[in-house]
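[1] Show me how the following folds:
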Amino acid sequence: MNIGQMFMVGFRGTVVDADHWITRAVVRHHLGGVILFDRNVNGSVQNISSPAQLRELTATLQEYGNGRLLIGVDQEGGRVCRLKARDGFLETVSAEILAGFGDEKAAATADEMAASLAAYGITLNFAPVVDLDSNPDNPIIGRYQRSFSDDPEQVLRCARLVIEAHHRHGISCCLKHFPGHGSAGADSHLGFVDVTSDWQEKELVPFARLIAKGKADAVMTAHIVNRRLDPQGMVATLSRPIITGLLRQQLGFDGVVISDDLQMGAITEQWGFSEAVRRAVLAGVDLLVIGNNLAHQKDALSAGIKCIEKMLDRGEMDADYIKASLERISRLQQKTAGKIPWNSNRPTALS
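    Numbering: from 1, shown residues only. A predicted model of the protein is given here:
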């Protein structure tokens, strides 16, 4: 089994070659994907500086990944975008602004953004945000206009248009942040966030409806605590009742479950890296994100792989459990390659 497929890792550098540690990870460990950032936390360039540079970077990465690598960015539009106009890329609008457009204009706007991502070799967009704008004081969703609306029907309308636009250009999407981050009053990048008293069941509606319509390629977990869904108060990313019980079993999702960045404060303040990987995998997460943006940990991939190997050796889960995750990741890779339909979650031979 290629356990490295279960990781999506960030790195620093605008150019890579055979000696770069990320390309070695792709070749030796069959890394599932990379996540790209324009700047890191100190403001210096991390991966993206210009259109020509980005096109060359993604092409080189795919050469080492034999064309199967998931190359992901957060390109929601507006203030959350990695391909910025200041660096020569397309100007974008926020989700909140897009929601004010009629269907035709919204679809055209989404299509223009998706086409630009495809042109630069991006295969996975961590969008759309389907959190409801239920708390206008939310410091990480509402503040940045990342939500389409507080109305589930409006969120569904816009999310569908965005997803269909990306699919037309061969790009997969990731719904976020399950089971709903819009009601939060704090930022999980920084630390512990509890939404128990504010969360509403209607926050599940966009996820449930998009899953039912076959529009959900992947779902990203939230680093939030919701005791209404997990009485033990475990962060959703590490919660089996929320990921396996609610998302998988109740909502019937069989696409790829992707963790939010495991280097965010809500995780690192309470668990060491290996324990976070262990808990996330047992919860039902398929693809584990290590951004290397908030922090820089070159050995995270090898440490994560060793953690999962030890779990198998200890019998905490069997090989079929991991094979199921690898199968789901393979399906997503095949969708972006145009080998199977976007709305298909049928089992296929592992690529």
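
[2] which secondary element of the protein has the worst mean pLDDT?
    Every helix and strand of the chain was ranked by mean pLDDT, DSSP states H and E. The lowest is helix 265-268, at a mean of 89.

[3] Return the alpha-carbon coordinates of it using CSV.
    Extracted C-alpha coordinates of helix 265-268, given in CSV (Å, rounded to 0.1, in the frame of the first residue of the first chain):
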residue,chain,number,x,y,z
GLY,A,265,-3.6,25.9,16.5
ALA,A,266,-6.8,24.1,17.3
ILE,A,267,-4.9,20.8,16.7
THR,A,268,-1.3,21.6,17.7
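
[4] immediately after it, which helix or strand?
    helix 273-283 (DSSP states H and E).

[5] which residues are in contact with the biggest strand by length in the chain?
    Counting by DSSP state E, the longest strand found in the chain is strand 172-178. Applying C-beta atoms under 8 Å, 6 or more residues apart in numbering, the external contacts of strand 172-178 come out as 70, 72, 123-131, 159, 162-163, 166-167, 206-207, 210, 216-222, 224, 236, 242, 247, 258, 260, 332, 335-336, 342. Bear in mind the C-beta positions are built from the backbone N, C-alpha and C, glycine included.

[6] quick one: M264 from A212, how far?
    Separation of M264 from A212 (C-beta to C-beta, to the nearest Å) stands at 30 Å.

[7] Settle it for me: which of these two has more neighbours?
    Taking other C-beta atoms under 10 Å, M264 and A212 do not tie; M264 has more neighbours (23 against 12).

[8] isn't the more buried one right up against H223?
    Yes. Using C-beta atoms under 8 Å, M264 is in contact with H223, at 5.6 Å.

[9] Could you pull out the strands in the stretch 1-150 of the chain for me?
    7-9, 33-35, 70-73, 75-77, 80-81, 124-125 (DSSP state E, counting those that start in this stretch).

[10] Without its sequence neighbours, what residue ends up closest to G32?
    Counting by C-beta to C-beta, 6 or more residues apart in numbering, Q5 is the residue found nearest to G32 once chain neighbours are left out, at 4.1 Å.

[11] wait, what's in contact with that neighbour?
    H30, L31, G32, L326, I329, S330 are the contacts of Q5 under C-beta under 8 Å, 6+ apart.

[12] Those in helices, which ones?
    Judged by DSSP state H, helices contain the following of the contacts of Q5: L326, I329, S330.

[13] Of those, which is the most crowded?
    The most crowded member of the ones in helices among the contacts of Q5, judged by other C-beta under 10 Å, is I329 (27 neighbours).

[14] Would you confirm that it contacts L288?
    No. In terms of C-beta under 8 Å, I329 does not count as a neighbour of L288; the distance is 10.8 Å.

[15] quick one: low-confidence parts of the stretch 251-351 of the chain?
    Within the stretch 251-351 of the chain, the stretches with pLDDT under 70 are 344-351.

[16] try it again with 90
    Applying pLDDT under 90 to the stretch 251-351 of the chain flags residues 265-266, 294-299, 337-351.

[17] hey, where'd the helices end up in it?
    With DSSP state H, counting those that start in this stretch as the criterion, the stretch 251-351 of the chain has helices at 265-268, 273-283, 300-314, 319-336.

[18] out of those helices, which comes closest to D137?
    When the helices of the stretch 251-351 of the chain are compared by C-beta to C-beta, helix 265-268 sits nearest D137, at 18.6 Å.

[19] I'd like the distance from the longest strand of the chain to the chain centre, please.
    Centre-to-centre, strand 172-178 and its host chain are 6 Å apart (C-alpha atoms, centre = their mean, to the nearest Å).

[20] which helices and strands sit right next to the next helix or strand after that strand?
    As assigned by DSSP H and E, the chain's next helix or strand after strand 172-178 is helix 205-212. When contacts are defined as 3 or more C-beta pairs under 8 Å, 6 or more residues apart in numbering; DSSP states H and E, helix 205-212 sits against helix 152-168, strand 172-178.

[21] With distance to A59, mean pLDDT and mean neighbour count as extra columns, can I get these in CSV?
    Shown next, in CSV, are the helices and strands packed on helix 205-212 (distance: least, C-beta to C-beta, whole Å; pLDDT from 0 to 100; neighbours: other C-beta atoms under 10 Å):
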stretch, distance to A59, mean pLDDT, mean neighbour count
helix 152-168, 20, 98, 21
strand 172-178, 19, 97, 26
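
[22] Quick one: closest of those to V41.
    Short answer: strand 172-178, nearest of these by C-beta to C-beta, at 20.2 Å.

[23] now the closest one against helix 319-336, angle please.
    Counting by axes from the mean of the first three to the mean of the last three C-alpha atoms, to 10 degrees, strand 172-178 lies at 130 degrees to helix 319-336.

[24] relative orientation of strand 172-178 and helix 205-212 in degrees?
    Between strand 172-178 and helix 205-212, the angle comes out at 140 degrees (the same axes, to 10 degrees).

[25] F7 and V34 touch, don't they?
    No. In this structure, F7 is not within contact of V34 by C-beta under 8 Å, at 9.6 Å.
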